[in-house]
Each structure stands twice: as structure tokens, then as C-alpha cells.
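Asker: Mind folding the following:
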Amino acid sequence: MARTTPPGHPATEGETEDPGEPLYRRIATELLGELRDGTIPPGERLPGERRLAGHFGVSRETVRQALELLRREGLVATDRRGSHATLPGTPTGAPASLTFPVGAGTATPGTVARATVTWEPPPPEHAEALGLAPGRPTLIHRYRYATADGRGLRTAVTSFSAVALAEVEELARYRDRADGTAAAQLRRAYDWMRRAGLTLHHRDAITPLPSTPSVRVTRQVHDQYARPLEITDLVVDAQQDALVYEFTLPGRAARPAAAGASRRTRP
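Answerer: Predicted coordinates:
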């Protein structure tokens, strides 16, 4: 969620841009803007009152009044799981390219997939990306996938941030069994993050590895507050395998046949 109040100038309970406009109404307008620009997608759970209050720099009571105004206008709905955006649009789902870990292969007869977790300091570049102090341990997920003949080998190492472990209960549970021996079923990690109220944004970088036929895909995932959640390094043998990215072209909703596209590349 992008902050709409100028940095270093949080709103106060008596301050509005229009002296005649109640502060809660301005906060409702700013929140509505973030709903409309897709910062909070339709159907996505809104952050809690405490987090929204910190985001906008106001009291929780002001946030409650703003949410109530949006509820009355049918722009926000509330149930036992919290408040949700209800603007028209397609609810957020899990796009085909956003699987965990990135590059995870489909389990079929003749394939071998193995995933484990450990509690240890991450690689230095992971620690830096996640904002972890050098040597600070975190949850590390290791994934290995190959066909029975050893072709199509993929290996991935994922490091989770302190934010992800603090806010995603399912991930936190793995700390006590992160001994590197037991199988770890984290395929639903992104679903767990969404269920915790986090909106996921990711960036993939693909680079060739020197003197090898392999490429490295580095995925970094952050939430609506730009807080890092995880970073994964996937290594793929480009001579034996290919990655397929699926994406939707903007502005083509009226032509379904052309809206979706897949690209298969061999570096």
C-alpha cells in the first residue's frame, strides 16, 4: 500500500486539507484511491485497524469511521475475517507464474521432488535483501526437482524474512522442525501470506551463470508496504529444461484469445 500522506508529515486528529472536511472522510478518500488504483485488489483483505492507523498517521477511531463510511457506500465489506475491498473487478488469485518455490515442477510419475527446511543464517545476498543482520538465522527452504533420468534438474533456495515469520502463522510453525531432514510442504506459502492479509508483489531477475549451461532466476517478494517477505534463487539447466512464464496483456479483456500468452525461452 503506497502512503498517500506526504512523508514526514503525518496527519493529525485536527488537521485536514479542507478545514471543513472531517479527517475520517479524507482518510476514507485516500483509502478509496488505493482501492481503485489496485494497491488493494478487489476481494483482498484490508490490513487491520492498527496497521491502517499507522499507515495514515491517525487514530484507530478515525480509521473505524473511515471504514464505516466506505461500508455504507458498498465499497468495503466486513465479515469474521475482517474487511475486504468490494470494488468491481477480478478477485486476486494465484497467477500461474507465482508458484512456490519459483520453478517448482509438476509431480508426475518418474519425477523426483524433495523439499526441506532449516533454521540457519541465509546467504549474505539474501540477508541483505531481507534486511537481516549478518549471521541472524531465519527459515531456509531448499527444493530439488529432477526427472528419473536426471534431466530437467532444478534447485531452489528460499530465505524468509522476519516479517513473513511474524505475520504468517503457518510459516512460523516450521521453526521447531527445521532440522533439514523432514519433508516440508510449503507449496501453499503464498496462499498463507494472502490469508494473513498480505498483498504480494514480486520481481524476477534471470541471469546466465558463467561457464555453465545453467541460468539463475532470483525472485523477490514483498507486501503492500514494500516489506520483503522472501527471496528465492532457482538454478535451472538451460540445455535440458525451459521456464514458461504466463502473463496477461493489458487492455485486451475484450479479446480472450489474445489476452493470455505464454513465452518459452531457452537462454
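
Asker: Let me know whether residue 28 touches residue 69 as I believe.
Answerer: Yes. Contact criterion CB atoms under 8 Å: residue 28 and residue 69 qualify, at 4.6 Å. Any C-beta I mention is one placed from the backbone N, CA and C, and that applies to glycine too.

Asker: Please work out the average pLDDT along the stretch of helix or strand residue 34 belongs to.
Answerer: Take DSSP states H and E as the rule and residue 34 turns out to sit in helix 23-36. Mean per-residue pLDDT for helix 23-36: 83.

Asker: What residues of the helix or strand that it is followed by count as buried?
Answerer: Next along the chain after helix 23-36, taking DSSP H and E as the criterion, comes helix 49-56. Residues of helix 49-56 classed as buried by neighbour count (16 or more other CB atoms under 10 Å): 49, 51, 52, 53, 55, 56.

Asker: and the third one, how far is that from residue 133?
Answerer: Here the distance between residue 52 and residue 133 works out to 29 Å (CB to CB, to the nearest Å).

Asker: and if you look at the fifth one?
Answerer: As for residue 55, its distance to residue 133 is 26 Å (criterion: CB to CB).

Asker: Residue 201: how many residues sit nearby?
Answerer: 13 (other CB atoms under 10 Å).

Asker: Got phi/psi on it?
Answerer: phi -130, psi 140 (degrees, to the nearest 10).

Asker: Nearest residue to it in space, please, no chain neighbours.
Answerer: What sits nearest to residue 201 in space, not counting adjacent residues and going by CB to CB, 6 or more residues apart in numbering, is residue 222, at 5.5 Å.

Asker: Residue 146 now?
Answerer: Closest to residue 146 by CB to CB, 6+ apart is residue 153, at 4.5 Å.

Asker: same deal with residue 113?
Answerer: Per CB to CB, 6+ apart, closest to residue 113 is residue 145, 4.7 Å.

Asker: what do you get for residue 119?
Answerer: Residue 119 sits nearest to residue 178 (CB to CB, 6+ apart), 4.1 Å away.

Asker: Need the per-residue pLDDT for the one you found.
Answerer: What the model reports as pLDDT for residue 178 is 83.

Asker: Quick one: find the helix or strand in this structure with the lowest mean pLDDT.
Answerer: helix 256-259 (a mean of 36; mean pLDDT, DSSP states H and E).

Asker: For residue 71, give me the backbone phi and psi.
Answerer: According to degrees, to the nearest 10, residue 71 has phi -70, psi -40.

Asker: Surely it touches residue 77?
Answerer: Yes. Between residue 71 and residue 77 there is a contact at 7.1 Å, judged by CB under 8 Å.

Asker: burial measure for residue 140, as a count.
Answerer: Neighbour tally, residue 140, other CB under 10 Å: 20.

Asker: what residues are up against it?
Answerer: With contact set as CB atoms under 8 Å, 6 or more residues apart in numbering, residue 140 has these partners: 117, 118, 119, 120, 122, 157, 158, 159, 160, 178.

Asker: Cheers, nothing more for now.
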